[in-house]
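Peer 1: Need coordinates for the below:
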Amino acid sequence: MLLVTGVSGALGSLVAARLAGRADVVLGTRAADTADTAEASRAAGTAEASRAARAALPGTRRVDFDAPETLPEAFAGVDTLLLVSAGYGEDDTVAARHGAAISAAERAGVRHVVYTSLSGDGDHLAYALAHRWTERRLQRSTTLDWTILRNGLYAELLAGLAAPDAENRITGPLGEGRLAAVAREDLADVAVAVATDPAAHRNRVYELVGERPLGGAELAEALGATYAPGTLADARTAVAASGAVPFQVPMVASTYSAIAHGFLDGTGVESDLRALLGGREPLDALDVFVKAVREG
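Peer 2: The predicted model follows:
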């Protein structure tokens, strides 16, 4: 049996939609109820996903990493766990969530954990540490096989980082850097392919970044906007003033900085994306970005 966690989130809901109706799959959410499943369908954003989420409801279990007492029952009978990274937070919070999940998986007799991590060129990001800690925790397990999917940053994320302002200017401080962004849909397809055939990917680390790195000027041109990048200080001030919680400010600032200084353009890793998509061409990240901005 395969258990997928985080199906109320953007990536998890796409995975859930692809696996809907399978008798050998159960879905994990913080609260296994209709409202949570409805949220998953809204995140997926399609009528097909909505139908899939409703169909999958009978196979939903409560999985709350902040309540470890829920995990033994949730993991009972599970052979493969697709551990979708458990949300953003301070490093100790995220590591505690992932640690609780992995320990519970070991005790429950889970054989294989597939983990959605962060691309290998992302170590300069403020949120990298919890991912690397989780990878190390899996690799040190004496009972689990594992596969690590090092996901690149989403093309959809650029819609927030580089959305035009009221004057139709992109002012995000991307400098002259570029991001090898990847469509969330492609990452969902890879996660399904690996999690449904885990033995073929035993103890492997895969890099999943886009093939077409995107820069600020290119993003602006696609939208008919002007590229007028501001400073990191300006961006940090704006994020702080937006009502973001404290840990989110360095997260966003480090993302801008890593892109601007050339650490996320895809040249630092060798991507396995196309191979794990069965050889098909990845979705065009620029098209995904433009659609996300226009749908707002």
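
Peer 1: Run a quick neighbour tally on the nearest residue to residue 253 once chain neighbours are set aside.
Peer 2: Distances taken as CB to CB, 6 or more residues apart in numbering place residue 236 nearest to residue 253, at 4.7 Å, with adjacent residues excluded. Using the backbone N, CA and C atoms, a C-beta is placed for each residue, glycine as well. Residue 236 sits with 18 neighbouring residues when counted by other CB atoms under 10 Å.

Peer 1: Quick check: bridge partners of the closest residue to residue 273 other than its chain neighbours?
Peer 2: Nearest residue to residue 273, sequence neighbours excluded (CB to CB, 6+ apart): residue 208, at 4.8 Å. Beta-bridge pairing of residue 208 under DSSP bridges involves residue 151.

Peer 1: which SS state does residue 147 fall under?
Peer 2: strand (DSSP: H, G, I helix; E, B strand; the rest coil).

Peer 1: which residues does it contact?
Peer 2: Contacts for residue 147 (CB atoms under 8 Å, 6 or more residues apart in numbering) come out as 112, 113, 114, 115, 194, 198, 201, 202, 203, 204, 205, 206.

Peer 1: Need the three-state assignment for the third one.
Peer 2: The three-state assignment at residue 114 reads strand, by three-state DSSP.

Peer 1: hang on, it packs against residue 81?
Peer 2: Yes. Counting by CB atoms under 8 Å, residue 81 is a contact partner of residue 114 at 7.1 Å.

Peer 1: More neighbours: these two, which one.
Peer 2: residue 81 (30 against 27).

Peer 1: what about the residue nearest to residue 253, helix or strand, and which?
Peer 2: helix 232-241 (DSSP states H and E).

Peer 1: coming back round to it: for residue 123, see how far away the residue nearest to residue 253 is.
Peer 2: According to CB to CB, to the nearest Å, residue 236 and residue 123 sit 20 Å apart.

Peer 1: What is the three-state secondary structure of the residue nearest to residue 216 when sequence neighbours are not counted?
Peer 2: Once flanking residues are discounted, residue 216 sits nearest to residue 174: 4.0 Å by CB to CB, 6+ apart. Counting by three-state DSSP, the backbone at residue 174 sits in coil.

Peer 1: show me what contacts residue 174?
Peer 2: The contact partners of residue 174, by CB under 8 Å, 6+ apart, come to 161, 162, 215, 216, 229, 256, 259, 260.

Peer 1: Same question for residue 158.
Peer 2: Residues near residue 158 by CB under 8 Å, 6+ apart: 179, 181, 214, 219, 285, 289, 292.

Peer 1: Mind doing that once more with 7 Å?
Peer 2: By CB atoms under 7 Å, 6 or more residues apart in numbering, the contact list for residue 158 reads 179, 181, 214, 219, 289.

Peer 1: Around the first one, how many other residues sit close by?
Peer 2: One way to gauge burial is a neighbour count; for residue 179, by other CB under 10 Å, it gives 32.

Peer 1: Give me the phi and psi angles of it.
Peer 2: With angles defined as degrees, to the nearest 10, residue 179 sits at phi -120, psi 130.

Peer 1: Could you do the second one as well?
Peer 2: Backbone geometry at residue 181, expressed as degrees, to the nearest 10, gives phi -70, psi 160.

Peer 1: Where do the strands of the stretch 151-296 of the chain begin and end?
Peer 2: 169-170, 178-179, 204-208, 214-215, 226-227 (DSSP state E, counting those that start in this stretch).

Peer 1: Quick one: end-to-end distance for stretch 224-242.
Peer 2: The first and final residues of stretch 224-242 sit 26 Å from each other (CA to CA, to the nearest Å).

Peer 1: Just list the residues touching residue 99, thanks.
Peer 2: Taking CB under 7 Å, 6+ apart, one finds residue 137 in contact with residue 99.

Peer 1: That one looks like it's in a helix, true?
Peer 2: Yes. Membership of residue 99 in a helix is supported by three-state DSSP.

Peer 1: Just the buried positions in stretch 226-236, please.
Peer 2: Buried residues in stretch 226-236, counted by 16 or more other CB atoms under 10 Å: 227, 229, 230, 232, 235, 236.

Peer 1: unless I'm mixing things up, the first one is touching residue 216, no?
Peer 2: This points to residue 227. Yes. Taking contacts as CB atoms under 7 Å, residue 227 lies within contact range of residue 216: 4.7 Å.

Peer 1: where are the low-confidence patches of the protein?
Peer 2: In the predicted model of the chain, residues 31-58 satisfy pLDDT under 70.

Peer 1: ok, which stretches of it are helices?
Peer 2: With DSSP state H, the ranges of helices along the chain come out as 10-19, 34-44, 47-56, 71-75, 91-108, 128-139, 158-161, 184-195, 216-223, 232-241, 248-260, 273-276, 285-295.
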